[in-house]
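> Pasting the sequence and the predicted model now:
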Amino acid sequence: MVLWVKHWNRMKNKTLLFLAVACPMLMWGQVDTLWTADIIGQVSKGSEYRTSADSLATDVESASDYLQKDSRFNLKQYTPGSVVASSFGGASSEQSRVLWDGIDISSMATGVLDLSLVPAMMLSTTSIVDGINGGASSSMGSMGALDLNLSPKTGRGTTTTVGLTSIGERALNAHSWGSFSKIRYQSIVRFTSSDNEYDYRLGALEGRMVGNDYGDLTYLQRFSGAMGKTYWSSDLWYTQSEKNNSGSILSPGYINHLEDEVVRFKYKLKRGHNEMKLFASQEWQAYTDTMSSWTLRDTNTFGQFTALYTRTEKHYHAHLSLNRYTAGGTNRTATAWMPQVQLNLKPNQDWNAVLKFAQYQDQVYWSAYALYSRSKQPWLQQWSVGSYYRLPTLNEMYWNPGGNVGVSAERSYGAKYSLEHEGTWTIRFTSDQLYYDQMIQWAPGSDGNWTPQNYYSVYTSTTYLGVQRKIWHQQHAFNTTHQYSRILDVASNNANIIGKQLIYRPALQAVYTIEQELPVGTLMLRGYYTGLRHTLRDNARTGELPAQSWVDLAYSLSSKRKRWQWVFRIENITGAQRQFYQYYPMPGRTYLLNIKLHS
């Protein structure tokens with residue numbers, strides 16, 4: 001359970017440090033402008049449709065909960081609120097990157113970012129950048145990216161949102177914004193706690209899930225303003241969480257405890273064609289494992305510092321960055337520096353090109369990306385090709401035991417086609433083809449320890465179709481993603497997995513949403529489908545997760561001036577059986593109530 005009192009002193013000290021850095025700017029005029037690093041502004045992204053229920057859900061839900069409405073999002077989660085491993089296509093979670101205002105904040109220690117600890121408020125309608133290398137938006141990675149940011153606010157106001165669920169979750173979000181001395185500010189405190197207890201039915205197995213309670217606390221603070229012709233903004237993002245995991249239903253009763261605390265700070269200056277960003281983060285994590293014959297406690301610290309300079313001209317954008325990554329704790333101590341150069345070229349309206357270079361562990365890596373666009377209203381077509389890399393993480397190189405300092409970076413080669421139509425019908429179709437060479441996987445080594453190896457050569461194909469249409473007083477939104485994968489070669493004697501599919505990748509995902517305006521209020525019906533997934537590399541039937549489908553229903557009501565809003569929602573109306581990891585059943589029918597007051 002997360003307690004405000006327990007962590008107030010630490011939050012206070014971090015906030016005072018943040019204010020000390022920001023104070024030199026607090027005497028100048030303000031401009032509440034959101035600057036996003038324009039990597040390739042012309043890349044087709046696709047905009048989600050948000051229902052009334054969705055708009056309120058962003059105040060209380062995590063990014064991982066909210067993004068389940070998008071079929072491009074691949075989720076792996078034990079129970080609600082537990083640690084999330086996710087991706088937006090590709091062959092592994094490490095290949096999809098998470099950015100905060102253009103800065104890659106995916107952990108270089110573990111390779112991923114837990115989206116269960118990211119507030120959905122940091123998502124825009126175009127946060128998902130799908131396709132090869134995330135449309136060249138990330139400095140590394142192969143497939144898909146998620147761009148986080150806090151949307152600007154005008155005027156002043158305060159909102160308080162409360163969320164309750166039938167499985168014991170309680171959520172509170174307090175958000176205020178305004179100005180003082182011509183400085184714009186936003187302050188957000190988000191608290192979530194859940195007993196996470198529910199009945200389950202999985203085939204012939206029935207019981208009650210207990211011992212998976214969790215709690216998390218998020219504090220976001222932004223200041224922004226202007227100093228003459230120089231615009232600035234500064235952001236503090238603090239998160240603390242505690243999660244328990246009782247194991248699968250085949251071996252319950254072992255409570256594993258995870259504690260995580262992270263503080264991130266970002267400072268940005270922009271004047272004319274020049275922009276400078278400074279980012280620093282420090283994470284502390286402790287994991288207590290009780291499933292062994294004795295209790296094991298593993299503590300870790302992760303750090304990142306990034307300085308990013310951008311020069312913007314009509315026909316090119318130049319990016320220079322210096323990154324420092326650290327990882328300490330029980331199982332390894334490591335530090336890595338990584339300077340990077342990125343050049344975005346736009347010779348004319350139709351063509352874009354990106355060249356990237358990075359030095360990491362005394363080696364130089366490169367990637368290249370080219371985009372051709374052809375527009376004729378109301379249609380837009382784009383073709384892109386490129387080659388990319390995914391660098392090994394500090395854990396993969398230095399973990400003790402099992403780290404492999406000789407593991408090579410992954411290399412991928414890809415092509416993408418996209419087609420968009422804007423009008424009465426909004427249609428978006430994309431198709432991505434990727435070949436991975438020397439893909440990193442943990443596998444048993446010669447000494448018996450699991451160690452990261454350049455294990456696979458893999459081919460993947462991802463096809464997406466999204467359609468939106470308003471019919472009378474109904475809004476229809478449909479999106480589906482088909483994923484095909486095959487292992488082409490493997491660097492071991494385990495040849496029986498050649499020709500097999502990658503694990504935890506559903507062949508098909510689909511989401512269909514209907515929103516109906518009523519004389520009083522709004523009704524939303526949303527259906528989900530996730531196809532069969534394999535959990536074993538040899539694709540044996542014993543490791544299959546069957547296809548699953550479920551339906552949500554929500555009713556929204558608000559006052560004329562939006563002074564108050566509330567949503568009553570029923571998730572999984574039919575009580576369908578669902579699981580994202582084998583023998584970790586998700587809840588059946590669940591009731592949710594969200595209430596928002598605006599002053």
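Received, thanks. Bear in mind that the values here come from a model prediction, so they are computed numbers and not experimental data. Residues are numbered from 1 along each chain as shown.
> Neighbours of the residue lying closest to L296 once chain neighbours are set aside, how many?
Of all residues not flanking L296 in the chain, D289 sits nearest, at 4.4 Å (Cβ to Cβ, 6 or more residues apart in numbering). Every residue, glycine included, has its C-beta placed from N, CA and C. D289: 16 surrounding residues under other Cβ atoms under 10 Å.
> Quick check: D289 vs N539, distance?
Remark: distance between D289 and N539 (Cβ to Cβ, to the nearest Å) = 29 Å.
> repeat for S599
Distance from S599 to N539, counting by Cβ to Cβ: 56 Å.
> Could I get the phi/psi values of W399?
Backbone torsions for W399, taken as degrees, to the nearest 10, come to phi -60, psi 140.
> likewise the one 3 residues further on?
Here the main-chain torsion angles of G402 (degrees, to the nearest 10) amount to phi 110, psi -20.
> Could you do the one 3 residues further on as well?
Main-chain torsions, V405, degrees, to the nearest 10: phi -70, psi -10.
> where's the spatially closest residue to it that is not a sequence neighbour relative to D489, distance?
Distances taken as Cβ to Cβ, 6+ apart put M397 closest to V405, at 5.0 Å, once the chain neighbours are dropped. M397 sits 23 Å away from D489, going by Cβ to Cβ.
> Show me which of these two is the more surrounded one.
Using other Cβ under 10 Å, the more surrounded residue of M397 and D489 is M397, with 19 against 11.
> what about the stretch 251-400 of the chain, any weak spots by pLDDT?
For the stretch 251-400 of the chain, applying pLDDT under 70 flags the ranges 291-295.
> same thing but at 80, please
Low-confidence segments of the stretch 251-400 of the chain, defined by pLDDT under 80, are located at 252-254, 290-297.
> Strands of that one, start to end?
Shown for the stretch 251-400 of the chain, the strands assigned by DSSP state E, counting those that start in this stretch span residues 256-271, 274-289, 296-312, 316-329, 334-345, 351-360, 363-376, 379-390.
> need the contact list for the residue of the chain most remote from its centre.
Most distant from the centre of the chain: P519, at 36.9 Å, with distances by Cα atoms, centre = their mean. Going by Cβ atoms under 8 Å, 6 or more residues apart in numbering, P519 touches no other residue.
> Okay, and it sits in which element?
Following DSSP states H and E, there is no helix or strand that holds P519.
> do you know how far it is from S138?
Counting by Cβ to Cβ, the gap from P519 to S138 is 47 Å.
> again with H473
To S138, H473 is 40 Å away according to Cβ to Cβ.
> just T424 next, same as before
Relative to S138, T424 is positioned 34 Å away (Cβ to Cβ).
> Just give me the neighbour total for the residue nearest to S248 when sequence neighbours are not counted.
Once flanking residues are discounted, S248 sits nearest to Y583: 3.9 Å by Cβ to Cβ, 6+ apart. Neighbourhood size, Y583 [other Cβ under 10 Å]: 16.
> residue ranges of the helices in the stretch 351-500 of the chain, please?
Under the criterion DSSP state H, counting those that start in this stretch, the stretch 351-500 of the chain contains helices at 394-398.
> Quick check: which ranges of the chain have low pLDDT?
1-45, 90-91, 133-139, 141, 252-254, 290-297, 445-448, 491-495.
> Regarding it, what is its longest strand?
Secondary structure of the chain per DSSP state E: the longest strand is strand 450-471.
> Pull out the buried positions in that one.
451-458, 460, 462-468 (16 or more other Cβ atoms under 10 Å).
> In this structure S93 contacts V84, no?
No - the pair S93 / V84 is not scored as a contact, 9.2 Å apart, by Cβ atoms under 8 Å.
> Now the common contact residues for these two.
Taking Cβ under 8 Å, 6+ apart as the criterion, S93 and V84 both touch K76.
> Assign I573 to helix, strand or coil.
coil (DSSP: H, G, I helix; E, B strand; the rest coil).
> Any figure for the gap between the residue nearest to V405 and T333?
For M397 relative to T333 (Cβ to Cβ), the value is 12 Å.
> before we move on, back to that, who's in contact with the residue nearest to L296?
Going by Cβ under 8 Å, 6+ apart, D289 touches 256, 295-298.
> now, among these, which is nearest to K229?
Nearest to K229 among these, counting by Cβ to Cβ, is D298 at 49.9 Å.
> what about that closest one, distance to L67?
Separation of D298 from L67 (Cβ to Cβ): 29 Å.
> Kindly report the same for Q95.
Distance from Q95 to L67, by Cβ to Cβ: 17 Å.
> Between S93 and V84, which is the more surrounded one?
The neighbour count for S93 versus V84, taken as other Cβ under 10 Å, is higher for V84 (23 against 19).
> give me the beta-bridge partners of the more buried one?
Applying DSSP bridges to V84 gives these bridge partners: Q77.
> now L308
Note on L308: beta-bridge partners by DSSP bridges are K277, S321.
> That one reaches L269, doesn't it?
No - taking Cβ under 8 Å as the definition, L308 is not a contact partner of L269, at 11.1 Å.
> How about I573, nearest residue that isn't a chain neighbour?
Among residues not flanking I573 along the chain, V551 sits closest, at 5.0 Å (Cβ to Cβ, 6+ apart).
> so what strands line up beside the helix or strand hosting the one you found?
Here V551, judged by DSSP H and E, is contained in strand 548-558. Here strand 548-558 is paired, per DSSP bridges, with strand 522-530 (antiparallel), strand 564-571 (antiparallel).
> Pipe these into CSV and attach mean neighbour count per row.
As requested, these are exported to CSV (neighbours: other Cβ atoms under 10 Å):
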stretch, mean neighbour count
strand 522-530, 19
strand 564-571, 19
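> Which one of these lies nearest to E420?
Once these are compared by Cβ to Cβ, strand 522-530 is nearest, at 23.4 Å.
> Mind listing residues that contact that closest one?
With contact meaning Cβ under 8 Å, 6+ apart, strand 522-530 is reached by 51-53, 68-69, 506, 508-516, 547-557.
> Now, of those residues, which are buried?
Applying 16+ other Cβ under 10 Å to these flags 51-53, 68-69, 506, 509-515, 548, 550, 552, 554-556 as buried.
> hang on, the earlier thing: possible to save the strands paired with strand 548-558 as CSV with distance to N196?
Shown next, in CSV, are the strands paired with strand 548-558 (distance: least, Cβ to Cβ, whole Å):
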stretch, distance to N196
strand 522-530, 21
strand 564-571, 14
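> right, and the ones you listed - which one's nearest A57?
Nearest of these to A57, taken as Cβ to Cβ: strand 564-571 at 7.4 Å.
> So which residues make contact with the closest one?
Strand 564-571 is contacted by residues 52-53, 56-57, 550, 552-559, 587, 589-598 when judged by Cβ under 8 Å, 6+ apart.
> and if we set it to 6 Å?
Strand 564-571 has contacts (Cβ atoms under 6 Å, 6 or more residues apart in numbering) with 53, 56, 552-558, 590-597.
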